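*Asks:* Generate coordinates for the sequence data below:
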Amino acid sequence: MASYKLSFKRSAEKELRAIPSPFLRKVVDKIRLLSEDPRPHGTQMLTGDDRYFRIRQGDWRIIYEVNDGAEEVIVIKIGHRREVYK
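*Replies:* Okay, here's the model as predicted:
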């Protein structure tokens, strides 16, 4: 499987910087793994569109889009489970 390019919406970059440091490394590691496997075990497809997915890292959620044609993963939103779906 080819390596996918990772990119971030500007808002997702801001949300990533706001994650407290004890959790940041694990969230970043989980995002990096998406470049090797954009649909790892535990991934859930979001309803409404088959391009959007959610992956969990502890209490944090990473919402992203997979563009297989361009081999790109676009991180759309990152947040705590209580807030990410609002």
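*Asks:* okay, CA-based contacts and neighbour counts for the rest of this
*Replies:* OK.
*Asks:* Run through the protein and note the low-pLDDT ranges.
*Replies:* Residues of the chain meeting the criterion pLDDT under 70: 1.
*Asks:* For it, which segments are assigned as strands?
*Replies:* According to DSSP state E, the chain carries its strands in the segments 5-8, 44-45, 52-57, 60-67, 72-80.
*Asks:* Pipe these into JSON lines and attach mean neighbour count and distance to Leu24 per row.
*Replies:* Putting those into JSON lines (neighbours: other Cα atoms under 10 Å; distance: least, Cα to Cα, whole Å) gives the following:
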{"stretch": "strand 5-8", "mean neighbour count": "16", "distance to Leu24": "16"}
{"stretch": "strand 44-45", "mean neighbour count": "16", "distance to Leu24": "21"}
{"stretch": "strand 52-57", "mean neighbour count": "19", "distance to Leu24": "10"}
{"stretch": "strand 60-67", "mean neighbour count": "21", "distance to Leu24": "10"}
{"stretch": "strand 72-80", "mean neighbour count": "21", "distance to Leu24": "11"}
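*Asks:* Just send these back as CSV, with distance to Arg25 too.
*Replies:* Listed next are those as CSV, based on distance: least, Cα to Cα, whole Å:
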stretch, distance to Arg25
strand 5-8, 17
strand 44-45, 22
strand 52-57, 10
strand 60-67, 12
strand 72-80, 13
